[in-house]
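>>> Model the following, please.
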Amino acid sequence: MTAPPILSLPDQQSNSPLPSLPKELLLTLHQSLTRDALDDFVLNQQSGAGGGGGHNGSNETGGNTSGGGVEDILNQLIPNESSLPQTPLLSLFLRTKIQDLRHQIQVLQSQLSISNDPSKLGELQELIGDLLSQITSIRDAATESEVVVRDITRDIQSLDQAKKNLIASMNALKRFQMLVNAFDLLTRLAKSRQYSQTASALLAVKQLSQFFVTFSSVDRVAAVSRGVKDVQGVLRVQVMREFEGAFANEAARAGKTQQLQDACLVIDALGAEAKSSLLSWYTSLLLRDYRRIFLPTSEAGQLDNISRRFAWFRRVLKQHEEENGSIFPKEWCVGGVLAGGWGEVTGDDLKIVLAKSPPTSSQVTMLLEAIEETREFERELERAYSMPFEQITSLSAIVNPNRKPGASGQRKSISEVFEPYLGVYVDAQDKALSDLFSTFLSSRISLSPSDNPSSVLPSSTELFYFYRETLEKCAKLSTKSPLLELSKVYGRWLKVYGEDVLGGSLVRYDTGRRSGEGRPNIQELQTACLVLNTAEYCHETAAQLEERLQEKIHPSLKANVSFTSSQELFTNVVSSSLLSLLHELELTIDGPFSQMIKSPWKEMEFVSSESVYVAELTRLVGLVVGVVRDNLEQKKYVRSVCDKVVGLVLAKFTQSIVRCRPIAKIGAEQILLDLQYLKNCLLNLPLAPGDSGPVPMTYSRYVSKSVLKLDTLLKVIMIPEEPAEEFIKHYLLLIPCQSFTDFQKVLDLKGVRRAEQNNLLDLFLTRTSVATGLSDTSVITGLDMDPGPQSLISPPSSGMPSPQVGSAGNLGIFNSLSGGGGGGGVQMVQSGSREGSRVPTPLGLGRDGERGKEALQEFRRFGQRIGMASRLFGGQGAGSG
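As a prediction, this is how the structure comes out:
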């Protein structure tokens, strides 16, 4: 920040009067709110502050600076009028202060100029250079001192190393002397057969010898090492002879138990190789008779005598524990070593036996018994020695020349020998299932409460019980490829059960049964419900079977277990059962609809209560749905059946209306009344008798939406043809569609004569040509005006109906009735053209198909306009043509 300019005052001279105060300073002293920074500094000298004076030539606000205002300070210096005579003195004091401050500034400026002298900077640099030189000299002196100290301590270090070498040499000599003494003692003890002391001496010699491994180049040390090895060899042979002599006969072993125990200490001191050699000899000694008796070629060694092998080894193991168990140290686990050796020998023998004579299908029971006995004996040994049998077999000390090098850790349990031959067990289960299915297919389904109290076929529970038992048994035998093969057998027979047992149990459409008999076949309805329940049970249980198999099978094979195809098959059986129920319903309600078709709807003179046919129709529909409701286990299928019944009944009703033409106004009113009665029946289908609960909202909307389309059609038929303008006006209000064909269908249903139709058609074309907001299709577009006698549920070629109906005579006779029911009815989209073609329109129209459809509709509109013009300008003759 730049300092304010110094106030210029005349120079002070001795004996000259002080000049008068500058006007600027006088003006500043009379300001109450503003002051110069220099004035502020001077006026505050009472508090000890210091600074320079000056004036900046501008008025600056000073209310926020330190100290009070100028007016306050003057009030303190001149508090009253009596102090006014002191004003010249105060002025003089201020001038003196300003002059002192000026002098101080000059002194500071001169000092600053002296400090910035270049010559002094050079001196400073020279001083720094001298300092660095001194530092270098000190560092060099320190390095020299270090060299001197190192030279002084070198001799001391040499003496320390010599001392360490001397101590190491003395220790080595002492250890060597101890080794020589221990070796001499070991030699004497070995000759005296004092095995307890010999074992201690041998351990000491081996421990001392470890120290001299790096001194093998010294002749004396090498000679002692060779002597120690020779003594160890002598002791090994000597101990083995002790055991051989002691186990030559019972009499020779009498009284030698302690000596043999001490000899085991020597073997333990000799190392693992000597121990393995002794245990191998001992195992071979005890199993010598076993190998001779149970040869793979002898009768005792065959598979049917496997229990004798276990009994023989139990006896040998017991004899060892009672007579010889105390000889060997417990940590050797000699019993486990014997069991491992016996398991290895037995496994090799069984491999040879099974390879020479593999088990046949007639020997499955014997094979399973052998496996079960083997597994039980393995578990017995596992409990005895508290370790897995695979670990027990790894303790075997038998030297097998046929085993590959490094394969000792690959020893497995005895029961795994049977795994490659478990295919006969799987084949046996396949044959057992074949016999079981023979009874399933030959037996007739019983629906009486006493014979079949369950809601599913007893054969299904019997089948899955068989699966559970065989699965558990096979999992105990093996969890690898045999279990995987068994799962494939399960899947194959599940397919047979779904196709032949369940599908074959469904109703086969009897050509001898005529429609219109007026009564449902309760037996067939119950059969279809039973098959549906069973298929649903099999679908759920197959999923549980898959999970159970994946839990049991080896992790590497888990991904190969799947029953997805079986579950899909049972889903198809469920669909087939539903179609079977619908077909039975269709046959049942043909009678009421035949009665409806035969009624004189054109000559009807008045509207009465509901017709006889609709009362019978609702009774039969309620009867069929009631049987279904009582026999279906899963209520979700009851709702599905109700949806499909609505689609079927309304499609049949629509078909019957078409076949009832011509229909007069009174007839349409009666049919409309019957339709409302039928609607009430359909709305209550999901509810059981006595159930006061609400009807599901989605189902209620579906029924109302489907009935509304028929209601609209009947209301159109009820409109009088005269006057024509009013007729067409009300028609377009109910059916806002410009389709020429749809309008002609209504005229056909009303029974309007051809001559009268032409006038109505011309007027219709005139109105629709200028009207806006009309669609090209309506609820009448898909109406088949020539329905055939074929079934709305296509009869299958086999006993199991296809779950997807695709014929032209399906529920799509009035296609708009079959949509939006949450699974109700099979849909078949009809063409929306003006010609009213009954050829189904493909569901998968692409982009080109959509453009072609639009172009065709435009062409039809153009043709209709041309036809209208020909009627207007060519007369009635042209119109009739």
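>>> rest of the way, CA atoms for contacts and neighbours
OK.
>>> per-residue confidence at residue 568?
We note a pLDDT of 94 for residue 568 in this prediction.
>>> One more: residue 179?
pLDDT at residue 179 comes out at 82.
>>> ok, and for whichever helix or strand residue 97 is part of, which residues are buried?
According to DSSP states H and E, residue 97 maps onto helix 87-115. Buried residues in helix 87-115, defined by neighbour count with 16 or more other CA atoms under 10 Å: 94-95, 97-98, 101-102.
>>> again, but for stretch 199-219
Applying a neighbour-count criterion of 16+ other CA under 10 Å, one finds 199, 201-206, 208-209, 212 buried in stretch 199-219.
>>> Now tell me what touches it from outside.
Residues outside stretch 199-219 that contact it (CA atoms under 8 Å, 6 or more residues apart in numbering): 175-176, 178-179, 182-183, 185-186, 221-222, 225, 228, 262, 265-266, 269-270.
>>> Give me the PyMOL select line for those residues, limited to the buried ones.
In PyMOL, a selection of the buried entries from these looks like this (16+ other CA under 10 Å):
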select buried, resi 175+176+179+182+183+185+186+221+225+228+262+265+266+269+270
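>>> Tell me which of the contacts of stretch 199-219 fall in helices.
Using DSSP state H, the subset of the contacts of stretch 199-219 located in helices is 175-176, 178-179, 182-183, 185-186, 221-222, 225, 228, 262, 265-266, 269-270.
>>> shaky segments in the stretch 251-400 of the chain?
Counting by pLDDT under 70, the stretch 251-400 of the chain shows low-confidence ranges at 252, 254, 399-400.
>>> any idea of the mean pLDDT in stretch 647-655?
92.
>>> export that stretch as CSV, just CAs?
What follows is stretch 647-655, C-alpha atoms only, in CSV (Å, rounded to 0.1, in the frame of the first residue of the first chain):
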residue,chain,number,x,y,z
GLY,A,647,-65.9,-69.2,-24.2
LEU,A,648,-67.3,-72.5,-25.3
VAL,A,649,-71.0,-71.8,-24.3
LEU,A,650,-71.0,-68.3,-25.8
ALA,A,651,-69.4,-69.5,-29.0
LYS,A,652,-72.1,-72.2,-29.2
PHE,A,653,-74.8,-69.6,-28.4
THR,A,654,-73.5,-67.4,-31.2
GLN,A,655,-73.4,-70.3,-33.6
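>>> quick one: pLDDT of residue 433?
Listed pLDDT for residue 433 reads 91.
>>> what's near enough to touch residue 746?
Shown in contact with residue 746 (CA under 8 Å, 6+ apart): 716-717.
>>> same check, this time on residue 585
With CA under 8 Å, 6+ apart, residue 585 has these contacts: 520, 621, 624.
>>> Contacts only, for the last one.
Going back to what we said before, that points to residue 624. 520, 522, 525, 585.
>>> Show me the two of the residues you listed that sit farthest apart.
The distance between the two most remote of these (CA to CA) is 10.6 Å, for 522 and 585.
>>> where does the stretch 701-850 of the chain have low pLDDT?
789-791, 793-850.
>>> rerun that using 90 as the cut-off
Counting by pLDDT under 90, the stretch 701-850 of the chain shows low-confidence ranges at 716-717, 719-731, 735, 737-764, 766-850.
>>> where exactly do the helices run in it?
For the stretch 701-850 of the chain, the helices defined by DSSP state H, counting those that start in this stretch cover 724-734, 740-750, 754-770, 847-880.
>>> Please apply the same query to the stretch 51-200 of the chain.
Under DSSP H, counting those that start in this stretch, the stretch 51-200 of the chain gives helices at 70-77, 87-115, 118-192, 195-211.
>>> want to try TSV for those helices, with distance to residue 536 as columns?
TSV is the format used below for the helices of the stretch 51-200 of the chain (distance: least, CA to CA, whole Å):
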stretch	distance to residue 536
helix 70-77	107
helix 87-115	109
helix 118-192	84
helix 195-211	76
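>>> For residue 371, which of those helices is the nearest?
Nearest to residue 371, of all those, is helix 195-211, at 46.0 Å by CA to CA.
>>> ok and the closest one relative to helix 118-192, angle-wise?
Counting by axes from the mean of the first three to the mean of the last three CA atoms, to 10 degrees, helix 195-211 lies at 150 degrees to helix 118-192.
>>> quick one: helix 195-211 to chain centroid distance?
Distance of helix 195-211 from the chain centroid (CA atoms, centre = their mean, to the nearest Å) equals 63 Å.
>>> re earlier: check the average confidence over the helix holding residue 97, would you?
Here the average pLDDT along helix 87-115 is 84.
>>> Mind giving me the packing neighbours of that helix?
Where contact means 3 or more CA pairs under 8 Å, 6 or more residues apart in numbering; DSSP states H and E, helix 87-115 is packed against helix 37-43.
>>> Grab the CA positions of stretch 317-330 and hand them over as PDB.
Provided in PDB are the C-alpha atoms of stretch 317-330 (Å, rounded to 0.1, in the frame of the first residue of the first chain):
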ATOM      1  CA  LEU A 317      -8.000-108.600  14.200                       C
ATOM      2  CA  LYS A 318      -9.300-109.800  17.500                       C
ATOM      3  CA  GLN A 319      -6.400-112.300  17.900                       C
ATOM      4  CA  HIS A 320      -3.900-109.500  17.200                       C
ATOM      5  CA  GLU A 321      -5.500-107.100  19.800                       C
ATOM      6  CA  GLU A 322      -5.600-109.800  22.500                       C
ATOM      7  CA  GLU A 323      -2.200-111.500  22.000                       C
ATOM      8  CA  ASN A 324       0.100-109.100  20.100                       C
ATOM      9  CA  GLY A 325      -1.500-105.700  20.600                       C
ATOM     10  CA  SER A 326       0.600-104.900  23.600                       C
ATOM     11  CA  ILE A 327       3.900-105.500  21.800                       C
ATOM     12  CA  PHE A 328       3.600-102.600  19.400                       C
ATOM     13  CA  PRO A 329       3.400 -98.900  20.400                       C
ATOM     14  CA  LYS A 330      -0.200 -97.500  20.300                       C
END
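>>> For that stretch, give me every contacting residue.
With contacts defined as CA under 8 Å, 6+ apart, stretch 317-330 is touched by 257-258, 260-261, 264, 334-335, 338.
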